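K.L.:
fold the stuff below for me.
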Amino acid sequence: MNVGGRNRVPMADLRALAAELGLLHPQTLLQSGNLVFGAAADDLPTLSARLSTAIQARMVVETPVILRTLDELAAAVAANAFGEAALGDPGRLHVAFLSGAPRPDDVLALGDLARGGERIAAGGRELFIHYPAGAGDSRLTQSVIDRRLGLVGTARNWNTVTALLAAVRDLAEWF
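P.N.:
The predicted structure is shown next:
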């Protein structure tokens with residue numbers, strides 16, 4: 001979820017809210033809404049909606065919640081189309097976790113906005129974007145991506161994605 005900038009949410013409050021919702025061992029990573037937890041629910045859309053509704057009610061922040069299971073997160077890491085960027089430029093390789101799978105033609109159309117060597121590839125419900133000059137001045141912002149794809153998403157750089165995968169794997173050992 002995107003809870004930085006104008007949507008600032010204290011991570012301690014997010015963990016407490018997750019625990020109140022019955023999520024197991026909630027943990028946060030960094031300050032940008034990376035919540036890792038265990039749950040018996042296998043209906044991710046319902047759980048996502050519950051979390052989003054609770055965040056809006058308690059913290060007065062309206063934000064979509066994008067969830068991935070351990071297996072889905074591991075599959076996203078394995079599907080990375082830019083392995084050399086993951087190794088040599090991980091802070092500039094981003095993964096946008098999307099609410100659905102993008103249509104191939106929409107992903108190609110996003111490529112028209114790429115500049116300065118930026119590259120885009122889709123894999124499942126993820127979009128991989130390498131920003132060799134950094135994402136700050138790119139036209140490929142999350143709001144543009146969401147609008148062009150007709151989906152919602154939240155992006156993390158490769159360092160964060162791999163840290164999330166490690167945190168989820170560590171948490172899975174509890175169950």
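
K.L.:
what about the helices in this protein?
P.N.:
11-20, 44-59, 70-78, 83-88, 104-111, 142-149, 158-172 (DSSP state H).

K.L.:
distance of the nearest residue to Val107 once chain neighbours are set aside from Ser99?
P.N.:
Spatial nearest neighbour of Val107, excluding adjacent residues (Cβ to Cβ, 6 or more residues apart in numbering): Ala122 at 4.6 Å. The C-beta positions use only the backbone N, C-alpha and C, and glycine is treated the same way. Distance of Ala122 to Ser99, given as Cβ to Cβ, to the nearest Å: 14 Å.

K.L.:
gap between the most far-flung residue of the chain relative to its centre and Gly134?
P.N.:
Outermost residue of the chain with respect to the C-alpha centroid, by Cα atoms, centre = their mean, is Gly116; its distance is 24.0 Å. Distance, Gly116 to Gly134, using Cβ to Cβ: 9 Å.

K.L.:
same deal with Glu20?
P.N.:
Counting by Cβ to Cβ, the gap from Glu20 to Gly134 is 38 Å.

K.L.:
what does Gly150 give?
P.N.:
Distance, Gly150 to Gly134, using Cβ to Cβ: 27 Å.
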